[in-house]
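**Q** Structure here, sequence nowhere to be found:
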């Protein structure tokens, strides 16, 4: 594997340490968010409660609620309302959970974070419908805790997410997908909800227009960087880092930046090889290794990471208008270490 | 088949005539709603537009938008706003379309209204994701055209719909499902959205609290009657009436009132027969006919229709507080003829 140069020399802390630090800072709010999530998973239909708990309480990092909460506090305001950002953070987590359920059905995934997926345990039908429930519940939450402005942000985001998902399967196995289309896909699947999480946190904290724009940019760019690294990790890391198996995207025929770049830079013979492999991506380790070799040969891993670092730098810069406080410091470290997850 | 006594003696008009009459009354608004629906099916992702058009423009009756529009005009008000009910009617139709897409995936349906279902044409994955898009789009529409009150109604309704759907598959092939659970299922799958459609129409037209409550009751009870008749039609009618094949629900293992009643009234041997058949509902006409015979033997068709007529009467009575006008007259005829669809 190529040598990766970290963005900053803070190798002593990794991404998970930074998540822990931020979680500690937001401890009380995270507790409230979890309480609200549990409350809103209640349903007169027991199966909904069961699957909801299985999914939402299965040890995710709560990255999006953390972003909502830290963007609420980064403003250094003392907002009158102390509850709306909690409700909106829960709404964001419900949207995220709904998309995970539907993604696992669409991708026929069997495991997530080392556990069987809901569709493996309860079947695809139930997963589709419980996903719809979680999605509906998120709208109920945002109607209760949001304003017309935050409602617009979250409903627009839901449209962008689903458009991104359809765009992704429309480009299944399409090695000629261009980089802009890829960026639209990862904006849909990750960056848009990161951005919405940040925006609704800030707006609940009384963000003025320029602060709102800064948080929007922060969330989007952090999300883009995060997903680019995820896509690189799919080729070059292990189950511990990722919570999923290496090569999962590849096996599903998902086209991500490392292979888009490799295909574009390959000669005729290599292009034919990639086309053949992507059409029938078996679990044959030899083929997967050959694809990785092409990615390395044409510096596509470095270039993917360079793109990620570009977005990460924009995300960091966007926070410059905020006062220096512990939340800002932690978020910056979080972005920096997020691009080092592949080391 | 047992003889059905109509609720009122207006045999000269049938349900489809009444739909036409109401559509004529609401012609301009329906045109605006269709225009808005087409506009909101636009997406940068061509596949979304294609499937959305295929589904939404495939000749549905636009029953829910009709209810929104007629409940807007039944008030005899001259509301300042002339647009919000249009946007909310489109939002309701988008929710309906999203549930159809997901239902067809869940039920593995192959045709709807004499056309191939979207999942047959584009596959289950795409249908799940385009359903999510339509659902998100509906929230975008209601955020734009609604108030906090109508948003709460529509988001609460979405939760009820998905709970009803999960409750239904939780009771797959369960002949011992009780009647109350069945009512909760049909409230979720039909009555709740009928009710929401009526409520948001009325509220956009400036409905006062008692008028709002009346429209809520009207929609719910009409929806319950409508779904009960649909469930009876699944045993005792033909493709023309239903837009789907007779016995579809039965073959899918869906337990509806006619068979719930028949099972409850059957002797031990008949119960064993029904249990066996429901476990493996083949397309064997002989078995299906035997089930129908039991339904007839124990008066379960009449009793299903009696239940439907109960709800229909409540729906009609709930309109009594409104001034006599053409909209009220047409809605009453619509309810009356809806229970005669099985003749």
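**A** Ah, there it is. These figures come from a predicted structure and were not determined experimentally. Residues are numbered from 1 along each chain as shown, chains lettered A, B, ... in the order given.
**Q** Tell me who's in contact with residue A:326.
**A** residue A:25 (C-beta atoms under 8 Å, 6 or more residues apart in numbering or on different chains). For glycine as for every other residue, the C-beta is placed from the backbone atoms N, C-alpha and C.
**Q** how close does it get to chain B?
**A** When distance is defined by C-beta to the nearest C-beta, to the nearest Å, residue A:326 is 34 Å away from chain B.
**Q** For residue A:73, see how far away that residue is.
**A** To residue A:73, residue A:326 is 9 Å away according to C-beta to C-beta, to the nearest Å.
**Q** any residues in contact with both of these two?
**A** Between them, residue A:326 and residue A:73 share the neighbouring residues residue A:25, with contact defined by C-beta under 8 Å, 6+ apart.
**Q** residues from the stretch 1-150 of chain A in reach of chain B?
**A** Within the stretch 1-150 of chain A, the positions lying close to chain B (C-beta under 8 Å from any C-beta of the partner chain) are A:43-48, A:99, A:102, A:105-106, A:124-126, A:128-133, A:135-137, A:139-140, A:142-144, A:148.
**Q** What subset of these is buried?
**A** Members of these that pass the buried threshold by neighbour count (16 or more other C-beta atoms under 10 Å in any protein chain shown) are listed as A:43, A:45, A:47-48, A:99, A:102, A:105-106, A:124-126, A:128-133, A:135-137, A:139-140, A:142-144.
**Q** Helix or strand with the lowest mean pLDDT in chain A?
**A** helix A:239-242 (a mean of 49; mean pLDDT, DSSP states H and E).
**Q** quick one: contacts of the helix or strand following that one?
**A** The element immediately downstream of helix A:239-242 (helix or strand, assigned by DSSP states H and E) is helix A:248-251. Counting by C-beta under 8 Å, 6+ apart, helix A:248-251 makes contact with A:109, A:231, A:234-235, A:256, A:259, A:281, A:283, A:288, A:291, all of which sit outside it.
**Q** Which of the residues in stretch A:25-45 are classified as buried?
**A** Buried residues in stretch A:25-45, counting neighbours by 16+ other C-beta under 10 Å, are found at A:25-26, A:29-30, A:32-34, A:36-37, A:40-41, A:43, A:45.
**Q** ok, and what's touching that stretch?
**A** By C-beta under 8 Å, 6+ apart, the list of residues contacting stretch A:25-45 from outside reads A:23, A:48-49, A:52-53, A:56-57, A:62, A:65-66, A:69-70, A:72-73, A:85-87, A:89-90, A:93-94, A:133, A:137, A:140-141, A:326-327, A:330, B:163, B:166-167, B:170, B:184.
**Q** Mind giving me the ChimeraX command for buried ones among these?
**A** For anyone working in ChimeraX, the buried entries among those, judged by 16+ other C-beta under 10 Å, can be selected with:
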select /A:23,48,52,56,62,65,66,69,70,72,73,85,86,87,89,90,93,94,133,137,140,141,327,330 /B:163,166,167,170,184
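**Q** how about the strands of chain A, start to end?
**A** In order along the chain, chain A carries the following strands (DSSP state E): A:111-112, A:115-116.
**Q** which of the ones you listed is buried the deepest?
**A** Ranked by average neighbour count under the criterion mean count of other C-beta atoms under 10 Å in any protein chain shown, the strands of chain A are headed by strand A:111-112 at a mean of 18.
**Q** State the mean pLDDT of it.
**A** Taken as a whole, strand A:111-112 has a mean pLDDT of 80.
**Q** What of stretch A:316-326?
**A** Confidence for stretch A:316-326, expressed as mean pLDDT, is 96.
**Q** do the same with stretch A:329-339
**A** Mean per-residue pLDDT for stretch A:329-339: 95.
**Q** and the longest helix belonging to chain A, which residues are buried?
**A** Identified as the longest helix of chain A according to DSSP state H is helix A:209-236. Buried residues in helix A:209-236, defined by neighbour count with 16+ other C-beta under 10 Å: A:211-212, A:214-236.
**Q** Can you convert the strands of chain A into a markdown table and add a column each for distance to residue A:271?
**A** Conversion of the strands of chain A to a markdown table gives the following (distance: least, C-beta to C-beta, whole Å):
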| stretch | distance to residue A:271 |
| --- | --- |
| strand A:111-112 | 33 |
| strand A:115-116 | 38 |
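**Q** Tell me how far residue A:40 lies from residue A:86.
**A** Applying C-beta to C-beta to residue A:40 and residue A:86 gives a distance of 12 Å.
**Q** what do you get for residue A:52?
**A** 18 Å.
**Q** What subset of the contacts of helix A:248-251 is buried?
**A** The neighbour-count test (16+ other C-beta under 10 Å) applied to the contacts of helix A:248-251 identifies A:109, A:231, A:234-235, A:256, A:259, A:281, A:288, A:291 as buried.
**Q** What is the nearest of these to residue B:319?
**A** Residue B:319 lies nearest to residue A:109 out of the buried ones among the contacts of helix A:248-251, by C-beta to C-beta, at 49.9 Å.
**Q** so how far is residue A:256 from the residue lying closest to that closest one once chain neighbours are set aside?
**A** What sits nearest to residue A:109 in space, not counting adjacent residues and going by C-beta to C-beta, 6 or more residues apart in numbering or on different chains, is residue A:117, at 5.0 Å. Summarising the geometry, the distance separating residue A:117 from residue A:256, computed by C-beta to C-beta, is 21 Å.
**Q** Thanks again, I'm all set now.
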